[in-house]
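Asks: What follows is a predicted structure for the sequence shown.
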Amino acid sequence: MKLPDSLREQLKIPLGILLPESQADKTNIQKHISESSYVISVGDRTTEKMIDFGLIPSLQIIDGQEKREKREPPKLENTTELIVENPAAEITSQSMSVIKKAFVLQPPVRLFVTGEEDLLVLPVCVYAPENAVVLYGQPNEGLVIVKITSEIRNKAQTLLDLME
């Protein structure tokens, strides 16, 4: 599925709460995560920030880049690693399958994307377990925190349905 130009502006609207960069610290993030939350991080910087805070995401989706620049992936041991190809401005059927598979594996699971991981927030929001919280970066603004609800699932599914 490819991202049509008509959806680009809509996808700049955060799916959840936007914590400004200056407030995206461990204390403020923890206010949105419970002990039983299945935490999902999308993006290298977001994943690294969570690991540095000692909040290990159950599912981490990274692509080894930050703002189109290559970077060293965040370090973490004892992680199940999956690899998937997902070109920029697309969501492949393989990516959807691997995301579904990741949710049944023993956490922590790291999905390394060859290509770009940004849009994978949408299938993650559709397939994530009930107690999931998704974290992703909003470029130059801060951290978006999305608690998975039926409303969020429906919104993410509607956006997916609009892709070509």
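Replies: Arrived safely.

Asks: Quick one: find the helix or strand in this protein with the lowest mean pLDDT.
Replies: Lowest mean confidence among the helices and strands of the chain (mean pLDDT, DSSP states H and E): strand 69-70, at a mean of 77.

Asks: Now do the helix or strand just after it: distance to the chain's middle.
Replies: Counting by DSSP states H and E, the element after strand 69-70 in chain order, helix or strand, is strand 80-86. Centroid displacement of strand 80-86 relative to its chain, using C-alpha atoms, centre = their mean, to the nearest Å, is 14 Å.

Asks: Strand 80-86 packs against which elements?
Replies: Here strand 80-86 touches helix 93-102, strand 109-115, going by 3 or more C-beta pairs under 8 Å, 6 or more residues apart in numbering; DSSP states H and E. In short, each C-beta sits where N, CA and C put it, glycine included.

Asks: Among those, which comes closest to Asn28?
Replies: For the helices and strands packed on strand 80-86, proximity to Asn28 was assessed by C-beta to C-beta; strand 109-115 is nearest, at 24.6 Å.

Asks: Off-centre distance for that closest one?
Replies: Taking C-alpha atoms, centre = their mean, one finds the center of strand 109-115 at 11 Å from the center of the full chain.

Asks: Let's test this: what are the backbone torsions at Val126?
Replies: Note on Val126: its backbone torsions stand at phi -80, psi -40 [degrees, to the nearest 10].

Asks: what's the most buried one of the helices and strands packed on strand 80-86?
Replies: Of all the helices and strands packed on strand 80-86, strand 109-115 has the most neighbours on average by mean count of other C-beta atoms under 10 Å, namely a mean of 19.

Asks: ok, that one: who's next to it in the sheet?
Replies: strand 59-62 (parallel), strand 80-86 (parallel) (DSSP bridges).

Asks: show me where the chain has strands.
Replies: 17-20, 38-42, 59-62, 65-66, 69-70, 80-86, 109-115, 132-138, 142-147 (DSSP state E).

Asks: Mind checking the helices and strands packed on strand 80-86 for the one nearest to Gly64?
Replies: Gly64 lies closest to strand 109-115 among the helices and strands packed on strand 80-86, at 7.0 Å (C-beta to C-beta).

Asks: about what we covered before: adding mean pLDDT, mean neighbour count and distance to Lys100, write the strands paired with strand 109-115 out as CSV.
Replies: Shown next, in CSV, are those (pLDDT from 0 to 100; neighbours: other C-beta atoms under 10 Å; distance: least, C-beta to C-beta, whole Å):
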stretch, mean pLDDT, mean neighbour count, distance to Lys100
strand 59-62, 97, 28, 11
strand 80-86, 96, 16, 11
